[in-house]
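Pasting the sequence and the predicted coordinates here, then a few questions.
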Amino acid sequence: MIRVCDISVSKGRQLIVKGGSFLIRPGKITVLLGMNGAGKSTLLDAVTGQSGYSRGSISWDNAPLETLSVEELACRRAVLGQQVQVPFSIPVRDLVEMGGYVSGKSLTRVDLRKIIETALDHAGMSAFGDRDFTTLSGGEQRRVLLAKCMVQLNACRRTGINRYLFLDEPTANLDLHHQFKLAGLVKEIAAGQQIGVFAVLHDVNLAAQFADEILLMKAGELVGAGSPEEVLTRDNLMETLGIRSIIHKHPVFGCPQITALPI
Amino acid sequence: MMALLKKYLFSVPALGIALLICTAGALFFGAFGTGIREIGQAFYALGYSEEPDLSSYLILHIRLPRILLAGLTGAGLAVAGAAIQGLFRNPMADPSLIGVTGGAMLFAVGSIVLMGALSSHLTGFLQQASIAVFAFAGGLATTYAVYFLSRYQGRTQVMTMLLAGIAITALTGAVAGFFIYISNEQQLRDITFWSLGSFSGSDWPGFLIAGPVIIAGFVVLIKAARPLNALLLGEKEAVSMGFRVERIKTRIILVTALIVGVCISISGIIGFVGLVIPHFLRLIRGTDYRYLMKASALLGAVFLILTDTLARTIIAPAELPIGILTAIVGAPFFLWLLIRSRQDRLTL
């Protein structure tokens, strides 16, 4: 379990995240919602250890984040970043293989190959293995990068540690079909492999369907946390996302279903 | 079929064999033609430590170190270019971006002009050695300045470094221009020849100094192949994949500056190799640095050995500065490749 305790993050002189506490549990999906510039990505970077924070504490399975080395962290978590631009052409399979660098030489070629093919298959990108990554569409690129994350999480064969997957707007640029497919895949990963997922999302309905816990962020502060039913209320949505809405019950899943209204 | 041939032809073992053939083959060519007998005699003399005759001496002490140095320099420049392109994540990057070329040029030009003013009695050898030392020192000094300027809060900001490199290179260019302005006729000729590059001053001591530096640097850069691959996705991504990116960046900059500094101090400025060789291989085999580093080294060595052989035979007994040839041979070929790859819908 990742325990985030009252952390603040500043960039330059600006305080971007102003004190927030929450938990990321293995096997559960935690979704962070908030408007542009609310500090979501900054918070994610701090929790993953990719950038520092100024106050508070973060512990990963009872180990303070500061005590974990870059290599150790790479074994415990993978991050699907918001934007990746690759300057040179590179075959998809080579890129996905990079996830396996974390294993050093502890993995045989055959095992790594198997992990790579499984990840490509799960991401629905098997047919694209030999394609040049830079020629893929935005959505296809994200699916390849997710496959890379899965390889990273499976390449480190260590027992007794929890693994986490961080996603920064994973569904950006994806068509509806692949949004649901990705969300379903992530849910499967979380439940099946007991991987804790922390995702920044913009789609409240996707969040309502897939999240176990939702965090609401507004202007650098965490203003709400709880199950989708608890958190996704008309007042909360108005305050943190700035939308007027009607909330129904989802006809199939029973989770909240939000209809946004003109402002 | 064509693709298979390309892959086979430019595999690391094939390039290694090509390098061996070129190195051996280059021994046969020169202002002084040699056949298999003379070369056999030369190595026989070496083996039995006999006093070498003229042709043996020429082969063992002039031609062989020159070929080896050309190969080492080609390998060094190509590997440095590949590393810098990966570090800056930019296909247009070459080692001159970190300031090493500009600094070496300034110090070399400065030493030619000022040493000439201090004493006109320096022997050729001493003058050459001092130019080499100054060029090396200048390359490292400016690289350090560029590196220092791009450090902020314990991080090297690559974008700042790129701009600082351009600014510092412009500055060193201006000061070098001033030295050129105050130089006399002879110095001007020296400067021009130095900046066009040549291996004509190669000897065993030069090889013994340059060899270990380039080879050690090469080993370090080969070990950086995986992080360089990861850096293709960006620095943040590379960190999340478990690489200590700051340490690796510093290491790459330092090693590149050392390699390029040594290469320039041996042979003057040889452009084009660092930019084109890695790109050529990228177009054929993709960007995996685990392949690219080794293949760049081998192909860079082959390329410079061949062009240097051409340089010393084409207008024998005189010789052409090699910097002219690398561009004349390399540029049209590279352009042809660019157009071809556009047809094959590959991107650079």
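Received, thanks.

ok and the residue in the stretch 1-150 of chain A nearest chain B?
A:A74 (2.7 Å; Cβ to the nearest Cβ). All C-beta atoms are positioned from the backbone trio N, CA, C, and that covers glycine.

element containing that residue?
helix A:70-76 (DSSP states H and E).

What sits closest to the residue nearest to the spatial centre of chain A if chain neighbours are left out?
Geometric centre of chain A, nearest residue: A:L167, 1.9 Å, by Cα atoms, centre = their mean. Of all residues not flanking A:L167 in the chain, A:A199 sits nearest, at 4.1 Å (Cβ to Cβ, 6 or more residues apart in numbering or on different chains).

Residues in contact with the helix or strand containing that neighbour: which ones?
Per DSSP H and E, A:A199 falls inside strand A:195-200. Contacts to strand A:195-200, defined as Cβ atoms under 8 Å, 6 or more residues apart in numbering or on different chains, come from residues A:1-2, A:24-32, A:40-41, A:44, A:47, A:153, A:162-170, A:186, A:189-190, A:211.

The helix or strand hosting the residue nearest to the centre of chain A vs strand A:195-200, what angle?
Following DSSP H and E, the helix or strand that holds A:L167 is strand A:163-168. Inter-element angle recorded for strand A:163-168 and strand A:195-200: 10 degrees (by axes from the mean of the first three to the mean of the last three Cα atoms, to 10 degrees).

So which residues on chain B come close to chain A?
Within chain B, the residues that sit near chain A (Cβ under 8 Å from any Cβ of the partner chain) are B:85, B:89-91, B:226, B:229-230, B:232-234, B:236-237, B:239-244, B:282, B:286-288, B:345-348.

Of those, just the buried ones, PyMOL syntax please.
Under the burial definition 16 or more other Cβ atoms under 10 Å in any protein chain shown, those of those that qualify are selected in PyMOL by:
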select buried, chain B and resi 85+89+90+226+229+230+232+233+234+236+237+239+240+241+242+243+282+286+287+288+346
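
for chain B, what are the low-confidence residue spans?
Within chain B, the segments meeting pLDDT under 70 span B:1-6, B:31, B:33, B:49-52, B:117-125, B:341-348.

show me the contacts for the most centrally placed residue in it.
Centroid-nearest residue in chain B: B:L77, 2.8 Å away (criterion: Cα atoms, centre = their mean). With contact taken as Cβ under 8 Å, 6+ apart, B:L77 is in contact with B:95, B:259-260, B:263, B:270, B:273-274, B:277, B:300, B:304.

and which of those is nearest to B:I17?
B:G300 (15.8 Å; Cβ to Cβ).

And the strands in the stretch 101-250 of chain B, which stretches?
B:151-152, B:155-156 (DSSP state E, counting those that start in this stretch).

quick one: which of those is nearest B:T309?
strand B:155-156 (39.5 Å).

Direction included, what does that closest one pair up with?
Applying DSSP bridges, strand B:155-156 is found paired with strand B:151-152 (antiparallel).

And the partner strand, how far out from the chain middle?
Centre-to-centre, strand B:151-152 and its host chain are 28 Å apart (Cα atoms, centre = their mean, to the nearest Å).

Equivalent analysis for stretch B:318-330, please.
The answer for stretch B:318-330 is 14 Å, by Cα atoms, centre = their mean.

now stretch A:181-196
Computed by Cα atoms, centre = their mean, the chain-centroid distance of stretch A:181-196 equals 11 Å.

Can you give me the buried ones in that stretch?
A:181-183, A:185-187, A:189-190, A:195-196.

How about stretch A:100-113?
A:100-103, A:107, A:112.

before we move on, what about stretch B:201-208?
Applying 16+ other Cβ under 10 Å to stretch B:201-208 flags B:201-202, B:206-207 as buried.
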